[in-house]
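Novice: Pasting the sequence and the predicted coordinates here, then a few questions.
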Amino acid sequence: MKHLTDIFTETELAGMSLPFKDAAAPPATYYTSADLYELERERIFLKEWLWVGHAAQVAKPGDYFTFEVAEEPIVVVRDLTNKLGAFSPVCAHRGAIVVQGQGNCRSFMCPYHNWTYGLNGKLIGAPTMTETKNFDPTKHGLTRLKVDIWEGHVFVNFDQNCKSLATFLGDITRFVKNYDMGNLACTGRKEYDFPCNWKMVAENNLEGYHVTGTHGGAGEYSKIDHWSIIEGRGMYDILLGEFDEPLSMNVPGNASAPTSMISELTEVEQKRQYFILLYPNMLLALQPDSTICYVMLPQGPHHTKVIVDWHYPKSILDRPDFATIDKANVEGVDGFNDQDIRVLGLAAKGYKSRMFRPGRYSVHESVVHRLAQYVLARIEGHDAWKAKGLSENQSASK
Ligand code: FES
Ligand SMILES: [Fe+2]
């Protein structure tokens, strides 16, 4: 089994582990090592609560949808008794993926040799297997995953011994409750390819240091003094934007006044944007007129697929100009992503250079340091992350 000391030198580990203002930024192997990527898959993505979709996708009995995180396929389903479930759709016969896409059905039939599973994951049909000695169908169901819903978002966990989703989320609800996320409508999804390690995308989303340099054309929006970090009490951190007037991301490469507000927001919230990183790989962007799910899906150490879902209050959907609003919003995210993809591609190239040496953090990059502490801690029980103080008595409902 690989250890951190097989990947990093003692000096690199010591530099990364220092308190934030003393610490060195991560070495290149943090972003390029195939061994580290495999450890992250095993000890982070197979252990944490992972965002996979929306409750509306499994509203009725028989509804299902599939998703894939860190190259692990997942199916979420509402069974015929209305019970929510999640499974690995890897066939218990010889491994084919039994279901893809989304829809409504009464069972899952593997396309390879037609083994059939009920929506509760149990094997209910297996052609000719009665002639196989000692074959017990009850031992060959789909592997069940933990699943839970929070504010309309569906999360799964591969680890049967994990803490509850509420424990994972800590006190996050106090920041998001007025956004009424459980009642927003998802209007579309778009995929983006980032030519870099998933942690680079996560870091980039939670540090305001790059907004002036990378998104400098975005006026007030890109001024560093509008942005600050809130350290979450739970598995999240927040990049908070505070403005004099309400702003939204609905002009490409720029920001402008929102067209319609989410009705429950306070005056303070109307002038804020929250970029909430739910560790490890989900960014929830809350703005006055919409919310965005921005999910980073590792595809190996050098490549990240990002999916973005847009959510609006149903009242905005009824506006005659909704298509124009939505198009502008999507193009706004396209513009920011284009700019981020460009600089992250340059950084990925730099990390592959033999000339790269770890740099130092600015005061605005504390989450980059925190993400590194988190990764080290999850992989090898490193102490630093314990300060996050997750405990069973914290609850998402508070
Ligand atoms: S692999 Fe699924 S039925 Fe054979
Ligand atoms: Fe950015």
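Specialist: Everything's here; your move. Ligands and ions are numbered 1, 2, ... in the order given.
Novice: Show me what counts as buried in the helix or strand hosting residue 293.
Specialist: Secondary structure assigned from DSSP states H and E places residue 293 in strand 290-298. Of the residues in strand 290-298, 290-298 count as buried by neighbour count, 16 or more other C-beta atoms under 10 Å. For the C-beta atoms, the positions are set from N, CA and C on the backbone; glycine is no exception.
Novice: ok, now stretch 22-30?
Specialist: For stretch 22-30, the neighbour count (16+ other C-beta under 10 Å) marks 23-30 as buried.
Novice: same question, stretch 189-198
Specialist: Of all the residues in stretch 189-198, those buried under the rule 16+ other C-beta under 10 Å are 192, 194, 196-198.
Novice: Sort out which one of these lies nearest ligand 1 for me.
Specialist: Nearest to ligand 1 among these: residue 198, at 29.7 Å, using C-beta to the nearest ligand atom.
Novice: Which residues are in contact with that closest one?
Specialist: 280-281, 296-298, 304 (C-beta atoms under 8 Å, 6 or more residues apart in numbering).
Novice: now with 10 Å?
Specialist: For residue 198, the contacting residues are 31, 37, 40, 44-45, 70, 280-281, 296-306, by C-beta atoms under 10 Å, 6 or more residues apart in numbering.
Novice: Just the buried ones among these, please.
Specialist: Among these, those buried by neighbour count (16+ other C-beta under 10 Å) are 31, 37, 40, 44-45, 70, 280-281, 296-298, 301-302, 304-306.
Novice: Now do the residue of the chain positioned farthest from its centre against residue 190, distance only.
Specialist: Distance from the centre of the chain peaks at residue 131, with 45.4 Å (C-alpha atoms, centre = their mean). When distance is defined by C-beta to C-beta, to the nearest Å, residue 131 is 49 Å away from residue 190.
Novice: Also residue 214?
Specialist: 20 Å.
Novice: Could you tell me the end-to-end distance of stretch 145-158?
Specialist: Chord length of stretch 145-158, first to last residue, is 5 Å (C-alpha to C-alpha, to the nearest Å).
Novice: Pull out the buried residues from it.
Specialist: 145-148, 150-158.
Novice: now the closest residue to residue 189 other than its chain neighbours, what's its secondary structure?
Specialist: Once flanking residues are discounted, residue 189 sits nearest to residue 309: 5.0 Å by C-beta to C-beta, 6 or more residues apart in numbering. Here residue 309 is recorded as strand under DSSP: H, G, I helix; E, B strand; the rest coil.
Novice: from the buried residues of stretch 145-158, which is closest to residue 316?
Specialist: residue 152 (16.2 Å; C-beta to C-beta).
Novice: Just give the number of residues close to the residue nearest to residue 189.
Specialist: 18 (other C-beta atoms under 10 Å).
Novice: From residue 287, how far out is it?
Specialist: 14 Å.
Novice: hey, what's the residue nearest to the spatial centre of the chain bridged with?
Specialist: Nearest to the geometric centre of the chain sits residue 282, at 1.9 Å (C-alpha atoms, centre = their mean). For residue 282, the beta-bridge partners are residue 278, residue 295 (DSSP bridges).
Novice: mind listing what it touches?
Specialist: Counting by C-beta under 10 Å, 6+ apart, residue 282 touches 48-52, 69, 153, 155, 202, 236, 276, 293-297.
Novice: With residue 232 instead?
Specialist: With C-beta under 10 Å, 6+ apart as the criterion, the residues that contact residue 232 are 169-172, 175, 238, 276-279, 370, 388.
Novice: so which helix or strand takes in residue 66?
Specialist: Using DSSP H and E, residue 66 sits in strand 63-69.
Novice: and that strand, average pLDDT?
Specialist: Averaging pLDDT along strand 63-69 yields 98.
Novice: Which neighbours in the sheet does that strand have, and how are they oriented?
Specialist: Strand 63-69 sits in its sheet next to strand 72-78 (antiparallel), strand 102-104 (antiparallel), going by DSSP bridges.
Novice: Kindly export that strand (C-alpha atoms) in CSV.
Specialist: In CSV, the C-alpha atoms belonging to strand 63-69 read as follows (Å, rounded to 0.1, in the frame of the first residue of the first chain):
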residue,chain,number,x,y,z
ASP,A,63,-37.7,6.9,-11.2
TYR,A,64,-34.0,6.5,-11.4
PHE,A,65,-30.8,8.4,-12.5
THR,A,66,-27.2,7.4,-12.9
PHE,A,67,-24.1,9.4,-12.1
GLU,A,68,-20.4,8.8,-11.9
VAL,A,69,-17.9,10.2,-9.4
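Novice: what's the angle from it to strand 290-298?
Specialist: If you take axes from the mean of the first three to the mean of the last three C-alpha atoms, to 10 degrees, strand 63-69 sits at 50 degrees to strand 290-298.
Novice: I'd like the distance from stretch 273-288 to the chain centre, please.
Specialist: 9 Å (C-alpha atoms, centre = their mean, to the nearest Å).
Novice: scratch that, stretch 289-298 is what I was asking about
Specialist: For stretch 289-298, the distance to the chain centre is 7 Å (C-alpha atoms, centre = their mean).
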